[in-house]
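>>> sequence isn't available, so here's the structure alone:
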């Protein structure tokens, strides 16, 4: 049976050329299904080299991929049209297999299932320089309907130099991106944001992005790939409202995730106790979260929350009276932030149980 992606490619190509040819799969999965075509598919008279008339239709068989091409025999030049269409489809299949082979090789490279000694062969085959600074970005779109994430991104993702877009699965695509001289991590984040905006405008979908650290050897890309995956896992726990997560920006969060659960729970009870539960309400916690995001700046936080500065000061004083932590002081703010992130981790774990 011809895979759906290949069948769509064949139909789309013939449609663009305006060729009056129908395509059916010889393995009982006809795209065009009617009694005439079912008889044609089962016929032993089909040939590869010369079109034959079956049930009043001119038909030719293609074995790679296994399809039958059908044309009305009254169309001028029908025989030549079928022969040329068959040759075109064989070429499409050969190109498709080459692309798939390259994709599979890159996938093995990222997943760490490619032997180190094979890296030089990969570089030679695809004209890549092995010792170049690169990083991996992972793009994940959950709501893909019948469209693959790769298909949504391949035409809108700007690729430079030796950048490679690799399909991991239906929902996930990895970008092997070469790092230009003096390029910073912030620029990679900006690249992801721009692509996110383009995707939203083109498809009205959002995607989650994980960004790994740079590596200097092609074989080490598996490490950057795992970092990008870990960034998404950790980022979704501690900042679910964000969609772009860089591994090196999540040092505290990664530390907290790796903290044993029993130790985390014992520390949480120190701050989040029945005594402080009423004070640390959702409104207060949202206020504190915004205060931290605004780098402990009272005026900016008040503007963001649309409250008077004195109201913000009152809320922070209230937290200080009940917890002993003055969040306007750096050390106390760091302490509270750690406890707050631990609480997010516990909430996430409870939701997954």
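Okay, I see it. Just so we're clear, the structure is a prediction, and the values are computed from it rather than from any experiment. Numbering: from 1, shown residues only.
>>> quick one: residue 320 and residue 246, what's the gap?
Distance of residue 320 to residue 246, given as C-beta to C-beta, to the nearest Å: 33 Å. For glycine as for every other residue, the C-beta is placed from the backbone atoms N, C-alpha and C.
>>> low pLDDT regions in the stretch 251-353 of the chain?
Residues of the stretch 251-353 of the chain meeting the criterion pLDDT under 70: 352-353.
>>> in it, which spans are helices?
Ranges of helices within the stretch 251-353 of the chain are 251-258, 261-271, 274-277, 282-293, 298-305, 309-323, 330-352, based on DSSP state H, counting those that start in this stretch.
>>> what's the third one packed up against?
When contacts are defined as 3 or more C-beta pairs under 8 Å, 6 or more residues apart in numbering; DSSP states H and E, helix 274-277 sits against helix 309-323.
>>> on that earlier part again, could you point out which of the helices of the stretch 251-353 of the chain sits nearest residue 71?
Smallest distance to residue 71 across the helices of the stretch 251-353 of the chain (C-beta to C-beta): 56.1 Å, for helix 330-352.
>>> in the closest one, what's buried?
Neighbour counts over helix 330-352 (16 or more other C-beta atoms under 10 Å) mark 332-333, 335-336, 338-345 as buried.
>>> run the chain-centre distance for that helix.
In terms of C-alpha atoms, centre = their mean, to the nearest Å, the centre of helix 330-352 is found 28 Å from the chain centre.
>>> stretch 178-191 too?
Put simply, stretch 178-191 sits 19 Å off its chain's centre (C-alpha atoms, centre = their mean).
>>> flag every buried residue along that stretch.
Buried residues in stretch 178-191 (16+ other C-beta under 10 Å): 178-179, 185, 188-189, 191.
>>> cool, and stretch 290-309?
Applying 16+ other C-beta under 10 Å to stretch 290-309 flags 291-292, 294, 301-302, 305 as buried.
>>> what does stretch 113-125 give?
For stretch 113-125, by 16+ other C-beta under 10 Å, it's 114, 119, 122-123.
>>> list just the nearest of those to residue 107.
residue 114 (9.0 Å).
>>> please name the nearest non-neighbouring residue to the closest one.
The shortest distance from residue 114 to any non-neighbouring residue, by C-beta to C-beta, 6 or more residues apart in numbering, is to residue 108 (4.2 Å).
>>> can you tell me how far that neighbour sits from residue 173?
16 Å.
>>> more neighbours: these two, which one.
Under the neighbour definition other C-beta atoms under 10 Å, residue 108 and residue 173 were set side by side, and residue 173 has more, 24 against 15.
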